[in-house]
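K.L.:
my questions are about this predicted structure, shown below with the sequence.
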Amino acid sequence: MGFDVFGSDYSIDAVMEVNQHLEEMKYPYKIKHESMTDITEPDGFYDAVIAYNVIYHAYLADMVKALDNIKRILKPSGSLLVTFQSKTSPIYKEELEAEKGTIVKEQGREAGIPHHFVDRDDIMKLLTGYRIVEISHVEHEYDDLKYKGCHYVVTAIKL
């Protein structure tokens with residue numbers, strides 16, 4: 001569609017797999033191996049950032065750091081699409097908190113990975129410096145309908 005698309009991921013395996021596909025498609029850019037808390041792009045580099053099912057895989061301090069990085073690399077009036085895990089999610093109610101709003105799964109494919117959960121008021125605080133365009137609360141079932149998740153999907157414009 002004519003967009004220059006860049007990306008990064010903390011998983012070296014994911015980076016290698018995506019870059020292989022990009023090479024096969026003759027796409028000129030590669031995905032970088034990088035932490036969301038240490039984004040190296042220059043200030044105001046991007047017109048838009050998509051952080052879909054990403055930033056909540058952290059303790060609150062690291063999630064805030066990732067959001068600060070995203071705000072830094074977005075151009076003024078740049079667009080953000082971001083998802084947050086909702087405190088209404090059954091998994092949040094079933095697990096013990098490692099810190100307020102954060103659980104660390106003990107089993108399954110995400111064992112040891114923190115997940116931070118928010119409510120609408122938390123989103124408003126986390127996205128200070130943005131004009132919120134839309135907040136949607138989505139409930140979905142996955143893994144052969146054995147599990148239910150609840151997310152906020154937020155679109156915003158950097159002020």
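P.N.:
Here it is on my side, so go on.

K.L.:
so who does the residue positioned nearest the centre of the chain touch?
P.N.:
By Cα atoms, centre = their mean, the mean C-alpha position of the chain lies nearest to Val54, the distance being 2.7 Å. Neighbouring residues of Val54 by Cβ atoms under 8 Å, 6 or more residues apart in numbering: Met36, Ala66, Thr83. In short, each C-beta sits where N, CA and C put it, glycine included.

K.L.:
can you tell me which residues contact the second one?
P.N.:
Spelled out, it's Ala66. Applying Cβ under 8 Å, 6+ apart, the residues contacting Ala66 are Met36, Thr37, Ile39, Ala51, Val54, Ile55, Ala58.

K.L.:
can you pick the most crowded of the residues you listed?
P.N.:
Greatest neighbour count in the contacts of Ala66, by other Cβ atoms under 10 Å, goes to Ile55: 23 neighbours.

K.L.:
where does the residue nearest to it when sequence neighbours are not counted sit: helix, strand or coil?
P.N.:
Leaving aside its chain neighbours, Ile55 sits nearest to Ala66 (4.8 Å; criterion: Cβ to Cβ, 6 or more residues apart in numbering). Following DSSP: H, G, I helix; E, B strand; the rest coil, Ala66 is assigned to helix.

K.L.:
check which helix or strand covers Arg72.
P.N.:
Secondary structure assigned from DSSP states H and E places Arg72 in helix 60-73.

K.L.:
mean confidence score for that helix?
P.N.:
Helix 60-73 shows an average pLDDT of 97 in the prediction.

K.L.:
report the buried residues of that helix.
P.N.:
When burial is assessed from 16 or more other Cβ atoms under 10 Å, helix 60-73 yields the following buried residues: Leu60, Asp62, Met63, Val64, Lys65, Ala66, Leu67, Asn69, Ile70, Lys71, Ile73.

K.L.:
would you map the helices across the chain?
P.N.:
In the chain, the segments counted as helices under DSSP state H are 12-24, 60-73, 90-94, 120-126.

K.L.:
relative to Asp4, which of the buried residues of helix 60-73 is nearest.
P.N.:
Ile73 (14.0 Å; Cβ to Cβ).

K.L.:
of the contacts of Val54, closest to Thr102?
P.N.:
Ala66 (13.9 Å).
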